[in-house]
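Trainee: Need a 3D model of the sequence below.
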Amino acid sequence: MRYSIRKQFAIVFSLLMMGTVLLCWFINNTFLENYYLKNKQKAMMNAYKVINQASNGGTIGTEAFDIEFQMICGKNNINIIILDAETKTIKTSMNDYEVLSRQLLGYLFEKEVASEDKVLVKEEKYEMRIMQDDRLQQEYVDMWGILDNGNLFLFRTPLEGIRESVALANRFLAYVGIGSAIFSAFIILLVSRKVTEPIMELARISERMIHLDFDAKYTGESKNEIALLGQNINELSETLEKTISELKSANNELKRDIEKKEKIDEMRLEFLSNVSHELKTPIALIQGYAEGLKEGINDDQESRDFYCEVIMDEASKMNDMVKKLLTLNQLEFGNDAVTMERFDVTALIKNYLQSARLLCVQKEVKLQMEDYPPVYVWADEFMVEEVFGNYFSNAINHVAFDKVIDVKLTLMDDKVRVSVFNTGLPIPEESISHVWEKFYKVDKARTRQYGGSGVGLSIVQAIMNSLNQDYGVINYDNGVEFWFELDRGKYE
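Mentor: I've put the predicted structure just below:
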């Protein structure tokens, strides 16, 4: 191929390697000598501080300082001579120290110092310069001056060693760089071949897919990005095949949508019919008792109070039904946002039961719940309280026989089941599957007696569906248990 990725990849990588080597060589050639020189200056200043401290402390003649002195000279390649005020040699690192001694005295007293353009450091008690030795025709970095106790000193290190080290480092870098570039170019050719081969395979597969041949599949066993691309192409092939199949059955799907719309229309009509039926009775009662009050059928205060209480009670039932219908409508149409949060469901239930104890006392109900530890769950706390409240209200209104309501929490692997049991008559088997339907009432007379609307369990169903959790009802010989489940939170 004229524009092969393999060739482009190899050329770009080789040029990048050569450019990197050339850049490193240029930086070394330009800045390495100055870098070495800065390090020598730093080493000389450190040596000056050590020797000045030893001179002030009187330890310059000790055996311990002799070892430290030799380490300073050998490690940093520095020649040192120290003279007293009478120019007698106190300490030196050279056997032929007379040359250094004369040089030091020349610097201090004869002013044998060249122009200022090679000054590195100049202070009151010492100077550091690059000096030329005319006898040896070599340059040195010399540092000389007077210690705090009056002794004279000279430090010298050759520049030629620095320059030779820089040149050697540059030559070594050039040889290694060229060799590395050649070797890397060869390696990249081999590596790029392994990269481009699966790409070519993917190109052949895509060409077959152009002709609607979806049997071609990528079979590479690598786990890199190309393998991911191959996997995506395989999935794309399956998706295209599936999509074509779905297009052929589009007419059937359209028919189902029409049937679904008709079913929704029927449900809407049924809903309106149920609402009108449920509201008809309280409206008729309110109207009748209001007319009775207006016409003054009973003049005594007790009768009028009774009429007013009936009107208020029926109005309250209608208001409660409308609120529940609005809540149910928001849940079924997804208008009520679900806020997932981590909270203690045990505390929620205990707080609710605490507020309901007075009602239990009034109805002579025995409320039972074990002392459970905190159980954390992930759910919408307001919605969970609504579900539990509906279950508990349902239990209060249907409790009979021993008048016991038992609340339990059952821990499972990653779930917790909350159940509310009340003693009383079990739900007829033919009604079990209908209790979650809107306006369905098992015992209509009794439901009317306590003001039930038949919407509470429909709200429970809508909430649990929005939380994607299970719920249900269980019949017992002596009562009924309603339950729901929630995801347990971690780090309980």
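Trainee: Now name the helix or strand holding the nearest residue to residue 410 once chain neighbours are set aside.
Mentor: Leaving out its chain neighbours, the residue that sits closest to residue 410 by CB to CB, 6 or more residues apart in numbering is residue 417, at 4.3 Å. Quick note: C-beta positions are derived from backbone N, CA and C, even for glycine. Residue 417 belongs to strand 415-423 when assigned by DSSP states H and E.
Trainee: Give me the sheet partners of that strand and which way each runs.
Mentor: Paired strands of strand 415-423, with direction, are strand 404-411 (antiparallel), strand 479-488 (antiparallel) (DSSP bridges).
Trainee: what residues are up against the residue nearest to residue 402 when sequence neighbours are not counted?
Mentor: For residue 402, ignoring the flanking residues on the chain, the nearest one in space by CB to CB, 6+ apart is residue 423 at 4.8 Å. By CB atoms under 8 Å, 6 or more residues apart in numbering, the contact set of residue 423 is 399, 400, 401, 402, 403, 404, 405, 478, 479.
Trainee: Next, give me the two most distant ones among the residues you listed.
Mentor: Pairwise distances across the contacts of residue 423 peak at 12.6 Å for 405 and 478 (criterion: CB to CB).
Trainee: Of these two, which one has the most company?
Mentor: Neighbours per residue, other CB atoms under 10 Å: of residue 405 and residue 478, the larger number sits with residue 405, 25 against 14.
Trainee: hang on, the earlier thing: quick check: of the contacts of residue 423, which has the highest neighbour count?
Mentor: With neighbours taken as other CB under 10 Å, the top of those is residue 405, carrying 25 neighbours.
Trainee: in the sheet, who's paired with it?
Mentor: Beta-bridge partners of residue 405, counted by DSSP bridges, are residue 367, residue 422.
Trainee: Surely it is in contact with residue 360?
Mentor: Yes: when contacts are counted by CB atoms under 8 Å, residue 405 is listed as touching residue 360 (7.3 Å).
Trainee: Need the overlap of contacts for those two.
Mentor: In contact with both residue 405 and residue 360: 366, 367, 396, using CB under 8 Å, 6+ apart.
Trainee: Flag the shaky bits of the stretch 251-400 of the chain, pLDDT-wise.
Mentor: Residues of the stretch 251-400 of the chain that meet the criterion pLDDT under 70 lie in 251-252, 260, 263-282, 284-285, 289, 297-299, 304, 310, 313-314, 316-336.
Trainee: thinking again about what came up before, single out the most deeply packed of the strands paired with strand 415-423.
Mentor: strand 479-488 (a mean of 20; mean count of other CB atoms under 10 Å).
Trainee: for that strand, what is the average pLDDT?
Mentor: The pLDDT scores in strand 479-488 average 96.
Trainee: same question, stretch 461-475
Mentor: Computed over stretch 461-475, the mean pLDDT rounds to 92.
Trainee: Same question for stretch 71-87.
Mentor: For stretch 71-87, mean pLDDT is 87.
Trainee: And stretch 34-44, by the same measure?
Mentor: Mean predicted confidence for stretch 34-44 is 86.
Trainee: Which residues belonging to it are considered buried?
Mentor: Within stretch 34-44, the residues that qualify as buried are 36, 37, 40, 41, 43, 44, counting by 16 or more other CB atoms under 10 Å.
Trainee: Against which helices or strands is whichever strand or helix holds the second one packed?
Mentor: Secondary structure from DSSP H and E places residue 37 in helix 5-57. If you count contacts as 3 or more CB pairs under 8 Å, 6 or more residues apart in numbering; DSSP states H and E, helix 5-57 packs onto helix 63-76, strand 79-83, strand 119-122, strand 126-133, strand 138-146, strand 152-158, helix 159-210.
Trainee: CSV for those, including distance to residue 473 and mean neighbour count?
Mentor: As requested, the helices and strands packed on helix 5-57 are exported to CSV (distance: least, CB to CB, whole Å; neighbours: other CB atoms under 10 Å):
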stretch, distance to residue 473, mean neighbour count
helix 63-76, 89, 13
strand 79-83, 99, 22
strand 119-122, 94, 13
strand 126-133, 96, 17
strand 138-146, 96, 20
strand 152-158, 96, 23
helix 159-210, 53, 14
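Trainee: Distance to residue 388 added to the ones you listed, as a markdown table?
Mentor: Shown next, in a markdown table, are the helices and strands packed on helix 5-57 (distance: least, CB to CB, whole Å):
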| stretch | distance to residue 388 |
| --- | --- |
| helix 63-76 | 80 |
| strand 79-83 | 90 |
| strand 119-122 | 84 |
| strand 126-133 | 86 |
| strand 138-146 | 87 |
| strand 152-158 | 87 |
| helix 159-210 | 55 |
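Trainee: wait, which of these is closest to residue 303?
Mentor: helix 159-210 (86.5 Å).
Trainee: Following the chain past that closest one, name the next helix or strand.
Mentor: helix 225-248.
Trainee: now what about that next one, what contacts it?
Mentor: 195, 198-199, 201-202, 205-206, 209, 214, 216-218, 220-221, 253.
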